[in-house]
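Colleague: fold the following.
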Amino acid sequence: MIGPDVKIGAGSVVGPCAMIERNTTIGERNRIWQFAAIGAEPQDLKFKGEPSVVEIGDDNMIREFATVHRGTEGGGMMTKIGSHTLVMTYAHVAHDCIIGDHVILAACTGLAGHCVIEEYAICEGQVGVHQFSRIGTHAIVAAGAKVAQDVPPYSMVAGTERARLAGVNEVGLQRRGFKPETIAALKSAIRTLFFSKLLRDDAMKQVLDEYGTVAEVVRLVDFINNSKRGVVGRERE
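Modeller: Next up is the predicted model:
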């Protein structure tokens, strides 16, 4: 069923019993499987019927029973999914979420409102992400993890009670063609920032002194500096 003010680009396929309710723009070559629901009103008691939207890019796959809800006035009026992203069965993308390119949201992943998932991030099955949280580029969140703070880019976090930092997403970075020296710099930076006894400002200064020419390390430090919820840290005894 296709509702009002819906635009679907060339080469996109919408399966049987899928619902694209309203105010939704879908790009080219997308595949939307049966029983998916896109463009419904947000599950937010503050929503008063404002004409918010969903925007979806190109070459995405949205699987069975996945849900993508429209934005709200308090969150920019838009929920957005980039391109080349996979939203698996029963995953939920809540209002005002911004999903980057090449993201994977595995089965039963739940994103609360206003989350940001940067490019190439992966949430494994049954991950829960607290509202206003941010998951950095090339990060991986292990299955069943509960994320209540921001996940640093290039990192791996896990934990069914509360997600904690496990280290660098080394295998994922290798698969995506990162140079060994870049991965080594990120591993060293993560150790200094999260596993040393240095104060935060001192740790950041040391990391930038050593690896300030490595763009990925600079992005990691900037992410931490700009975090509003705080970042997921290591497990402490």
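Colleague: who's in contact with Val214?
Modeller: Applying C-beta atoms under 8 Å, 6 or more residues apart in numbering to Val214 gives the contacts Thr182, Ala185, Leu186. For glycine as for every other residue, the C-beta is placed from the backbone atoms N, C-alpha and C.
Colleague: now do 10 Å
Modeller: Contacts of Val214 were listed using C-beta atoms under 10 Å, 6 or more residues apart in numbering, and they are Lys179, Glu181, Thr182, Ala184, Ala185, Leu186, Ser188, Ala189, Val207, Leu208, Leu220.
Colleague: go on, Asp150?
Modeller: Contacts of Asp150 (C-beta under 10 Å, 6+ apart): 115-116, 130, 132-136, 139, 223-224, 226-232.
Colleague: one more pass at 7 Å, please.
Modeller: Ser133, Arg134, Ser227, Arg229, Gly230, Val231, Val232 (C-beta atoms under 7 Å, 6 or more residues apart in numbering).
Colleague: go ahead and confirm Ala148 touches His130.
Modeller: Yes: under the criterion of C-beta atoms under 7 Å, Ala148 is in contact with His130, at a separation of 4.5 Å.
Colleague: which one's more surrounded, these two?
Modeller: His130 (18 against 15; other C-beta atoms under 10 Å).
Colleague: so who does the more buried one touch?
Modeller: His130 neighbours (C-beta under 7 Å, 6+ apart): Ala112, Val147, Ala148.
Colleague: change it to 8 Å
Modeller: Ala112, Cys115, Lys146, Val147, Ala148, Gln149, Arg229.
Colleague: sorry, back to before: between Ala148 and His130, which contacts overlap?
Modeller: If you check Ala148 and His130 against C-beta under 8 Å, 6+ apart, the residues they both contact are Arg229.
Colleague: pLDDT below threshold where in this protein?
Modeller: 236-237 (pLDDT under 70).
Colleague: okay, which residue is most central for it?
Modeller: Against the mean C-alpha coordinate of the chain, by C-alpha atoms, centre = their mean, the closest residue is Ile117 at 2.0 Å.
Colleague: beta partners for it?
Modeller: Ile99, Ile135 (DSSP bridges).
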